Every structure is written in C-alpha cells, then in structure tokens.
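> Output the structure for:
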Amino acid sequence: MRRRLRAEANLLLSLAQQGPQSRADLGRAIGQTRATAGNIVARLLEEGIVRTSEPAEPGAHRTVGRPGELVSINSNQCHVIGVDAGIGFVIALRMDLAGTVVAAEQVKTDDMAPSTMLDLVVALVRQVANDAPSLGGVSVSVPGIITREGHVMRAPFLGWKDVPFRDLLARELDAFGPLSLENDANALAMGQVIRGHVSPDEMTIVLSMDVGVGGAILSDGKLMDGQSGLAGEFGHMFVQPSSASGTVRLENFIGRFALLERYRELGGQAASLDAFVDALDSGDELARQVQSEWVEVLAQALSTITSVLNPGSLVFGGSLTTLLERSLPLLDKAYEGLLMHGTAKPRFVVLPFAQHAVARGCCDIRREAIFKTL
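Model (predicted):
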C-alpha cells in the first residue's frame with residue numbers, strides 16, 4: 001500500500017464533494033492544468049476508481065473542438081463500513097465510494113459491557129457487508145477517550161475503563177479490510193470535512209452534544225489531536241454554574257441526562273429530551289430556568305475555548321442541537337458578555353440532528369483513506 005500523490009487525492013476528494021466534473025474543472029479545482037488533471041484521470045481510470053460519461057445536457061462541460069467528458073467516482077469499485085457504538089445502541093452503515101448509504105442496521109441495548117458491544121458491532125458489520133462488491137475497511141466510533149492505538153482509556157457513559165477495543169475488534173473483523181477506532185466527535189467532525197461542509201481555510205471547533213460532550217479541533221481541514229491523540233475533550237473542562245456550590249465537568253452539567261435530572265430536581269417531569277423541549281416551547285417556567293442555567297454554563301465553556309484557540313467557527317452537532325436552536329439568542333448574549341474585548345466572535349453553525357451522522361462520519365473516514373492510499 002502506498003500513499004497517493006497529493007494531486008490524485010485532492011482530485012478524488014473534489015469528485016466526492018462536488019460530484020461529476022470535466023477534466024478542465026478538475027484542473028481548476030486542484031490548482032493544476034487541464035493536461036495534468038487529464039493525466040491523473042487516466043491513471044485513476046486504469047485503477048478503476050473513477051469512470052467517465054457524456055454530459056447529461058447537450059453542450060454542458062464542453063471545450064472548443066472536443067466534448068467535455070464528465071469524470072465521476074466509480075461508486076461500486078468498493079464499499080466501506082462505519083459503525084457508531086453509542087450509548088444504548090449500535091448503528092452500522094455500508095456506503096459506496098460516492099458517499100451514498102446502501103445498507104443500514106441498528107440495534108438498541110441496555111447492556112453496554114465491552115463484550116456485548118463487541119458482539120453487536122461484529123454482528124451488524126457482517127449484516128451490512130452482505131452482497132458488497134468488495135470492502136475497503138471498517139471504522140468504528142466509541143464515545144470515549146481513545147488513544148491512537150485504539151485503546152479506550154475511559155468511556156464513562158458506557159461504563160468502560162482501559163478496554164483494548166480495537167484489538168478485540170481486529171480479531172473478528174480482519175477479513176473486512178483496514179480497521180480504525182475513532183472517538184465519536186472526531187468521526188462527526190471528519191465527516192463534515194470530507195463532505196466539504198467545513199472550510200479548510202479556518203480553524204473550526206466541533207462540539208458533539210448528547211449524553212456527554214465530545215469535541216474536535218480542525219485546522220486546515222485536518223484533525224489536531226494533540227501530543228498523544230487526546231485533544232478536544234471539551235466535555236471534561238471545569239465550569240462554575242451559579243446554581244452549584246463548586247465547579248463541575250461541562251458534560252456533567254449540560255449533557256442530556258444531566259439536563260433532565262436538573263429539571264426533575266426542580267420539580268419538572270420529562271422522560272426525554274423531546275418532552276423537555278415541548279415543555280420549554282409551551283412556556284414552562286421550570287424548563288426556562290433549566291435552559292437559562294444550561295446557556296450560562298455553555299457560554300462559559302465556549303468563551304474559554306475561544307480565548308485559547310481563537311477559532312473561525314464553532315460547529316454544534318448531536319441531539320442537544322434541538323435545545324441549542326431555541327437558545328441561540330440567550331447564548332449569544334451570555335457568550336459575548338464573557339469574551340475579552342476585541343476578540344473576534346466565531347461563526348456558530350448548528351448541524352441538523354441526524355441519528356446516523358457519526359456512523360456516516362466513520363464511513364467518510366474510510367472513503368478518505370481509500371482516496372489517499374492505493
């Protein structure tokens with residue numbers, strides 16, 4: 001296996017993000033001449049990872065004297081698999097190289113012991129792999145602190161500590177191609193990069209907010225994971241809620257379970273986030289109080305992140321975006337009040353909540369690996 005030339009990888013990523021293009025368009029996209037792009041396309045055609053077709057509309061993508069063939073990803077050259085081993089569930093997807101999900105399986109579980117989750121991941125991978133033309137690997141995500149070697153140091157909401165999960169997976173999934181184990185927030189973030197939804201020209205912080213709070217730091221479209229691969233664990237920052245007597249970890253105050261527990265402490269009743277949001281929308285005073293406390297603490301965390309990293313954008317994903325969307329005016333005011341004078345405020349980007357977003361990100365990580373290596 002060798003790494004592709006950068007121009008080859010960039011051309012494949014452009015096709016993945018923008019769809020079919022002419023050789024001239026591809027040359028402009030990767031900063032090369034049409035002739036250079038044509039030479040790259042010729043190599044990729046021989047490999048079978050791209051294909052050509054005539055434009056759908058007469059005259060489209062034509063250059064003087066010659067029809068402008070369209071180049072596209074050969075979606076069925078191989079498929080990839082992404083798995084989100086989450087809190088109470090496992091989701092597995094199979095995706096073609098063009099980024100279309102072609103198979104999906106999901107199961108809920110109350111037993112999140114490593115052995116149980118391992119069995120569920122392996123079973124779902126085998127199910128979605130059925131009838132695949134060929135496989136280019138599997139990426140699995142876990143909501144925890146993971147070393148570069150795939151060792152889960154801590155996954156508190158799964159009840160895990162010191163679990164060599166990648167090694168356990170490798171014993172069962174060796175036949176499915178290259179394997180990686182990812183933090184769930186990193187998978188969500190890299191999916192946004194690979195699909196072109198995050199600008200490569202600015203520093204971006206991605207926060208995944210659900211039961212816990214995960215984070216990822218992106219610069220120039222690349223993940224900044226720190227000295228030992230553990231950077232971005234913003235959920236473990238300490239914050240000072242005015243309603244508490246001391247400091248607490250961020251995710252232990254603004255996470256989904258913590259939010260609902262605080263609402264119950266005040267006398268409210270909501271068995272789910274949807275029920276809490278309904279109460280908030282109906283004007284429930286206790287829900288509004290919890291929202292105010294939630295915004296206060298989130299603003300503290302965001303102001304600290306901004307002061308330290310000076311990002312160009314803050315991207316929010318996860319189930320709690322339904323609450324965030326209703327809280328943006330309050331958050332803007334609280335956040336701006338904490339920023340140091342003269343600090344440039346980053347753009348806020350709220351991703352629509354999608355249950356399969358992390359698993360899709362895992363698939364995208366495998367697609368990018370194929371685009372970058374032979």
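> contacting residues around whichever strand or helix holds Ala301?
For Ala301, the element it lies in under DSSP states H and E is helix 285-309. If you take Cβ atoms under 8 Å, 6 or more residues apart in numbering as the criterion, helix 285-309 is touched by 203, 205, 217, 234, 237, 239-243, 250, 253-254, 259, 262-263, 266-268, 270, 276, 279-280, 311, 314, 323, 326-327, 330-331, 334-335, 337-340, 343, 345-346. Bear in mind the C-beta positions are built from the backbone N, C-alpha and C, glycine included.
> Now a ChimeraX select for only the buried ones of those.
Applying 16 or more other Cβ atoms under 10 Å to these, the buried members can be selected in ChimeraX as follows:
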select :203,205,217,234,237,239,241,250,253,254,259,262,263,268,270,276,279,280,311,314,323,327,330,331,334,335,338,346
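> Could you list which of the contacts of helix 285-309 belong to strands?
Of the positions in those, 205, 217, 239, 314 sit in strands, assigned by DSSP state E.
> Break this protein down into its domains, please.
6-73, 79-191+356-372, 200-350 (automatic domain parsing).
> measure the longest one end to end?
Domain 200-350 has an end-to-end distance of 18 Å (Cα to Cα, to the nearest Å).
> Just checking, which helix or strand of this structure averages the lowest pLDDT?
Every helix and strand in the chain was compared by mean pLDDT, DSSP states H and E; the lowest is strand 222-223, with a mean of 91.
> what packs against that one?
Under the contact criterion of 3 or more Cβ pairs under 8 Å, 6 or more residues apart in numbering; DSSP states H and E, strand 222-223 touches helix 184-194.
> Quick one: low-confidence residue ranges for the stretch 101-250 of the chain.
Nowhere does the stretch 101-250 of the chain drop to pLDDT under 70.
> show me where it has helices.
114-129, 165-173, 184-194 (DSSP state H, counting those that start in this stretch).
> among the ones in strands among the contacts of helix 285-309, which two are most distant?
The two members of those with the most space between them (Cβ to Cβ) are Ile217 and Val239, at 18.8 Å.
> now the helices of the stretch 101-250 of the chain in a markdown table, with distance to Gly221 and mean neighbour count?
Listed next are the helices of the stretch 101-250 of the chain as a markdown table, based on distance: least, Cβ to Cβ, whole Å; neighbours: other Cβ atoms under 10 Å:
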| stretch | distance to Gly221 | mean neighbour count |
| --- | --- | --- |
| helix 114-129 | 28 | 19 |
| helix 165-173 | 25 | 18 |
| helix 184-194 | 5 | 27 |
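> Could you dump those helices into TSV with distance to Ala369 added?
What follows is those, written out as TSV (distance: least, Cβ to Cβ, whole Å):
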stretch	distance to Ala369
helix 114-129	17
helix 165-173	15
helix 184-194	10
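> Tell me which of these lies nearest to Ala7.
Smallest distance to Ala7 across the helices of the stretch 101-250 of the chain (Cβ to Cβ): 17.5 Å, for helix 184-194.
> same for that closest one, what does it pack against?
Applying 3+ Cβ pairs under 8 Å, 6+ apart, we find helix 184-194 packed against helix 6-18, strand 79-86, strand 135-142, strand 204-209, strand 213-219, strand 222-223, strand 313-317, helix 357-372.
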